[in-house]
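# Sequence plus the predicted model coming up.
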Amino acid sequence: AQSVTQLGSHVSVSEGALVLLRCNYSSSVPPYLFWYVQYPNQGLQLLLKYTSAATLVKGINGFEAEFKKSETSFHLTKPSAHMSDAAEYFCAVSDTGFQKLVFGTGTRLLVSP
Amino acid sequence: NAGVTQTPKFRVLKTGQSMTLLCAQDMNHEYMYWYRQDPGMGLRLIHYSVGEGTTAKGEVPDGYNVSRLKKQNFLLGLESAAPSQTSVYFCASRYRGGNLDTQYFGPGTRLTVL
C-alpha cells in the first residue's frame, strides 16, 4: 500500500523567506509523486509532479521539489515566499497506471508581511 | 472551456435521505474520480472510472454508488445519507498525455448530513 506523511499541519514564514514543506512517502513500487495547492473554497491545482524523469522537478509559481529515494522524501521548496502563496498544500502518491491518488493530510502555509 | 463543474455547490440533507452529485467535464477526458475531503485527513478516493460505462472502487466506497453513462458525466449517489458522510466532495478528470498527464479538480460540493 502507498502512503504519504506530511510533517507539520501548519507552517508560518515571513514574506521573502524560504518555504520548505515536508513530504515523506511509502510505496512498494516506483511512485509517481505530486504536490497540489488548494486556495480557500477552491479545488486543487497541480503544482508539480515527479514521474521518474528527473529528480529535481520545477513547478508553477516558483516552486520546486526534489525526489530523494534514499530518504523516501519529496519536499517542496520556494526560495522566497509571497503573500499569495498562503494556501493549503497537499502531497500525494499514486500508482503509475490508474493514478489513484493517495493524499497526505495537508500543510497550511501562512505568510506574514 | 468550463473545465470540471460540480452540481450542487452546497447541500444539506437529513439522515436517511438520498441525493446525487453531478460532475461534468468538457475536456473529453477518459478518467474521472470522486474524492472526499475531511478536516485533518486530506482527500480520499471514493470511486473512479476509466471510461464511459466503467466504474471501480477506491479507498472509501462504502455508502456510495456511481455511474458513468456518458463520457462527460460522473455521478455520485448517496442512497441513505449518514452524518459520517458530511464532507466536501471533489470530482476530478484526468488528461493522459505524457508529461501533461494530470488530474483537473472541480470546485467541490459541501454536503452536510444532519
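The structure has been received and is ready for your questions.
# need the contact list for the spatially most central residue of chain B.
Against the mean C-alpha coordinate of chain B, by C-alpha atoms, centre = their mean, the closest residue is B:Trp34 at 2.9 Å. For B:Trp34, the contact set (C-beta atoms under 8 Å, 6 or more residues apart in numbering or on different chains) comprises B:21, B:23, B:45-48, B:58, B:64, B:66, B:74, B:76, B:89-91. Placement of C-beta: from N, CA and C, glycine included.
# one more time with 6 Å, if that's ok
Applying C-beta atoms under 6 Å, 6 or more residues apart in numbering or on different chains, we find B:Trp34 in contact with B:Ile46, B:His47, B:Leu76, B:Cys91.
# Return the alpha-carbon coordinates of the strand or helix carrying the last one using CSV.
When you say that, I think you mean B:Cys91. Element membership for B:Cys91, per DSSP states H and E: strand B:87-95. Extracted in CSV, the C-alpha atoms of strand B:87-95 (Å, rounded to 0.1, in the frame of the first residue of the first chain):
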residue,chain,number,x,y,z
SER,B,87,-17.8,16.3,3.9
VAL,B,88,-16.6,18.3,0.9
TYR,B,89,-16.7,16.2,-2.3
PHE,B,90,-14.4,16.8,-5.2
CYS,B,91,-14.5,15.5,-8.6
ALA,B,92,-11.6,15.3,-11.0
SER,B,93,-10.9,14.3,-14.6
ARG,B,94,-7.6,13.2,-15.9
TYR,B,95,-5.8,14.1,-19.1
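# Would you indicate which residues of that strand are buried?
Buried residues in strand B:87-95, counted by 16 or more other C-beta atoms under 10 Å in any protein chain shown: B:Ser87, B:Val88, B:Tyr89, B:Phe90, B:Cys91, B:Ala92, B:Ser93, B:Arg94, B:Tyr95.
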